[in-house]
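Colleague: have a look at this prediction, sequence included:
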Amino acid sequence: MALTIDFDAEELWLAEDPANAARPGVLSQARYGAEVAVPQLLNMLKRLGIPATFFVCGGDAERYPAIVESVAAHGHEIGHHGFTHRSPHLMERDQEVEELDRGLSVLRSFQDRIMGYRSPSWDISPNTLDLLVENGFSYSSNMMDAIFPYPHPRHDLVEIPVHWSLDDAPHFWFDATSWDRTIRSSREVAELWGEESSAIHEEGGLVTLTVHPQIIGRPGRLRMLEAFLTGMRSDDRIWFARCHEVASAVRDSAAAARA
């Protein structure tokens, strides 16, 4: 199981609508995620002894350097989540290069080697995988085509697969503009995550759980997340790993198969 935490604070809302820069009420959700939820998540993970991978927007790392320093100090992996939260498929190649370069420049000040990349909203462009290889990334975490991590056939990258069902945003993110996104109860989401995780583990696959501090960080949801992780932790057959550790295991297995 790979617990992944997408730390996108103000950059999320600015990418949604640049006019949000003048809406302090909207941006307060981002501040809650950074200043309230991340410390609580770090304390929870310390209690449970579970490592995580935090995918961080470079712009948000600049806003909250002490928070990102704390993530690294707790031994968690830091991955690239764009500099802004704009999706690569909306960019020209040179813009995507700049996003990667700016994000790497910031994130490397917190952790020497940034090995993984997750795009905002899991959207990539036809150039993304090439650029990841050129920049020395070890893995991508953006595809929904498998429940097992796998080597990309034409790129020197391992894929850590994801799915919306194991993400908190589709279930909890309220849309205040259209009101067409309803907020599910924590009980419903825990049931859904439990069913999906159990089925994946029965097949020997990888559960990649994705949460966002400003979404999962409400008190009731944090309580549910801790109970869910505690249940998973009680099964000694489950390996809790940072994403770069999963990628390394896949590479080792592929090398052994070729030998």
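Modeller: Cool, the structure landed. Residues are numbered from 1 along each chain as shown.
Colleague: any low-confidence regions in the stretch 101-250 of the chain?
Modeller: 176-181 (pLDDT under 70).
Colleague: what ranges do the helices span in it?
Modeller: When secondary structure is read from DSSP state H, counting those that start in this stretch, the stretch 101-250 of the chain shows helices at 128-134, 169-172, 186-202, 213-216, 219-233, 243-258.
Colleague: mean neighbour count and distance to residue 44 added to these, as JSON lines?
Modeller: Just so you know, the C-beta spots here come from the backbone N, C-alpha and C atoms, and that holds for glycine as well. Formatted as JSON lines, the helices of the stretch 101-250 of the chain follow (neighbours: other Cβ atoms under 10 Å; distance: least, Cβ to Cβ, whole Å):
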{"stretch": "helix 128-134", "mean neighbour count": "18", "distance to residue 44": "31"}
{"stretch": "helix 169-172", "mean neighbour count": "18", "distance to residue 44": "17"}
{"stretch": "helix 186-202", "mean neighbour count": "15", "distance to residue 44": "15"}
{"stretch": "helix 213-216", "mean neighbour count": "25", "distance to residue 44": "10"}
{"stretch": "helix 219-233", "mean neighbour count": "16", "distance to residue 44": "5"}
{"stretch": "helix 243-258", "mean neighbour count": "15", "distance to residue 44": "19"}
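Colleague: can you list those in a markdown table and add distance to residue 33?
Modeller: Conversion of the helices of the stretch 101-250 of the chain to a markdown table gives the following (distance: least, Cβ to Cβ, whole Å):
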| stretch | distance to residue 33 |
| --- | --- |
| helix 128-134 | 26 |
| helix 169-172 | 12 |
| helix 186-202 | 17 |
| helix 213-216 | 3 |
| helix 219-233 | 12 |
| helix 243-258 | 20 |
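Colleague: now for those, which one comes closest to residue 74?
Modeller: helix 213-216 (14.0 Å; Cβ to Cβ).
Colleague: does anything pack onto the closest one? Which helices or strands?
Modeller: In this structure, helix 213-216 packs against helix 24-32, helix 38-48, helix 169-172, helix 219-233, with contacts taken as 3 or more Cβ pairs under 8 Å, 6 or more residues apart in numbering; DSSP states H and E.
Colleague: now with 6 Å?
Modeller: Of the remaining helices and strands, those touching helix 213-216 by 3 or more Cβ pairs under 6 Å, 6 or more residues apart in numbering; DSSP states H and E are helix 24-32.
Colleague: the helix it packs on vs helix 38-48, what angle?
Modeller: Orientation check (axes from the mean of the first three to the mean of the last three Cα atoms, to 10 degrees): helix 24-32 against helix 38-48 gives 30 degrees.
Colleague: buried residues of helix 24-32, list them for me.
Modeller: Judged by neighbour count (16 or more other Cβ atoms under 10 Å), helix 24-32 contains these buried residues: 26, 27, 29, 30, 32.
Colleague: look up how far residue 98 lies from residue 8.
Modeller: Residue 8 sits at a distance of 18 Å from residue 98 (criterion: Cβ to Cβ, to the nearest Å).
Colleague: quick check: closest non-adjacent residue to residue 50.
Modeller: Nearest-residue entry for residue 50: residue 240, 5.1 Å, with adjacent residues in sequence omitted and distances by Cβ to Cβ, 6 or more residues apart in numbering.
Colleague: apologies, that question was intended for residue 132.
Modeller: Distances taken as Cβ to Cβ, 6+ apart place residue 117 nearest to residue 132, at 5.4 Å, with adjacent residues excluded.
Colleague: confirm for me that that neighbour is in contact with residue 131.
Modeller: No - counting by Cβ atoms under 6 Å, residue 131 is not a contact partner of residue 117; they are 8.9 Å apart.
Colleague: anything in contact with each of those two?
Modeller: Taking Cβ atoms under 6 Å, 6 or more residues apart in numbering as the criterion, residue 117 and residue 131 do not both touch any residue.
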